[in-house]
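have a look at this prediction, sequence included:
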Amino acid sequence: MLALADGHDSALNEIMARWRGGIIAFLYRLTGCHETALDLTQGTFVRVYTARHRYDARGKFSTWLFSIATNLARNHARWRSRHPEVALPEDDSRLDSAPAPDDAASSRDQLAAVQQAIAALPGDLREALVLSVYHEMPHAEIAAILGCSVKAVELRIYRARQQLREKLERPA
């Protein structure tokens, strides 16, 4: 990042190669949509480039990067709440052509239930949980990304796990 800030634009390629996968995964878990995650990832790296001269090397780069991605995801969520989308009916013909074994179907159903339960969490709880569980970040770094205290991060993760447990234990 220091090379990019010093005017070596090619350093952005190295940053993108190193961090792209993690940012896409993080944003996918926040948004629940792969295409949106890709768009927001691209936006994240555009912001990294445009803000390269304001980067403060005293902090961790990952904290700064995930803060940018988090803010873009929040902006997107606000925009989506003001612009609801109407879902089109799915084409079920491809589902009939290749039936999956029962155990694979059960596993997919469980995964879908967990993903749906995570997506249904309030944004602040979902962000803290995803950064902690999927990206294995320490609570102090999550606090810096989310702009809150370490205790608030711990409470958000606790509440997120409680809500997930309640949603997943409840019979459908």
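Looks like it arrived, so ask away. Nothing here was measured: the structure is a model prediction, and the numbers come from that model.

now residue 47, nearest residue through space, not along the chain?
In this structure, residue 47 finds its nearest non-sequential neighbour in residue 68, 4.9 Å apart by Cβ to Cβ, 6 or more residues apart in numbering. In this view, the C-beta of every residue, glycine as well, is placed from N, C-alpha and C.

what's the first-to-last distance across stretch 49-68?
11 Å (Cα to Cα, to the nearest Å).

start the count at 25, not 1, going forward
Noted, 25 is the first residue going forward, which turns the last one into stretch 73-92.

can you give me the neighbour number for the residue nearest to residue 71?
Counted with other Cβ atoms under 10 Å, the neighbours of residue 92 add up to 20.

from what I can see it touches residue 72, true?
Yes: counting by Cβ atoms under 8 Å, residue 92 does reach residue 72; the two are 6.5 Å apart.

quick one: the helices in the chain?
Using DSSP state H, the helices found in the chain span residues 26-29, 35-55, 58-74, 85-106, 117-121, 126-143, 147-157, 163-170, 174-193.

lowest mean pLDDT across these, which one is that?
When the helices of the chain are compared by mean pLDDT, helix 117-121 comes last with a mean of 46.

show me which positions of stretch 169-189 end up buried.
Residues of stretch 169-189 classed as buried: 169, 170, 176, 177, 180, 181, 183, 184, 187, 188 (neighbour count, 16 or more other Cβ atoms under 10 Å).

list of residues touching it?
Contact with stretch 169-189 is made by 87, 90-91, 94, 138, 141-142, 145, 148-153, 155-156, 161, 163-164, 166-167, as judged by Cβ atoms under 8 Å, 6 or more residues apart in numbering.

buried ones among those?
Among the contacts of stretch 169-189, those buried by neighbour count (16+ other Cβ under 10 Å) are 87, 90-91, 94, 141-142, 145, 148-153, 155-156, 161, 163, 166-167.

contact partners for residue 192?
Applying Cβ under 8 Å, 6+ apart, we find residue 192 in contact with 137, 138, 141.

repeat that for 10 Å
134, 137, 138, 140, 141 (Cβ atoms under 10 Å, 6 or more residues apart in numbering).

got JSON lines for those residues, with distance to residue 32 too?
What follows is those, written out as JSON lines (distance: Cβ to Cβ, whole Å):
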{"residue": "134", "distance to residue 32": "46"}
{"residue": "137", "distance to residue 32": "46"}
{"residue": "138", "distance to residue 32": "42"}
{"residue": "140", "distance to residue 32": "43"}
{"residue": "141", "distance to residue 32": "44"}
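
closest one to residue 62 out of these, please.
residue 140 (20.7 Å; Cβ to Cβ).

in this structure that closest one contacts residue 150, no?
No: under the criterion of Cβ atoms under 10 Å, residue 140 makes no contact with residue 150, lying 12.0 Å away.
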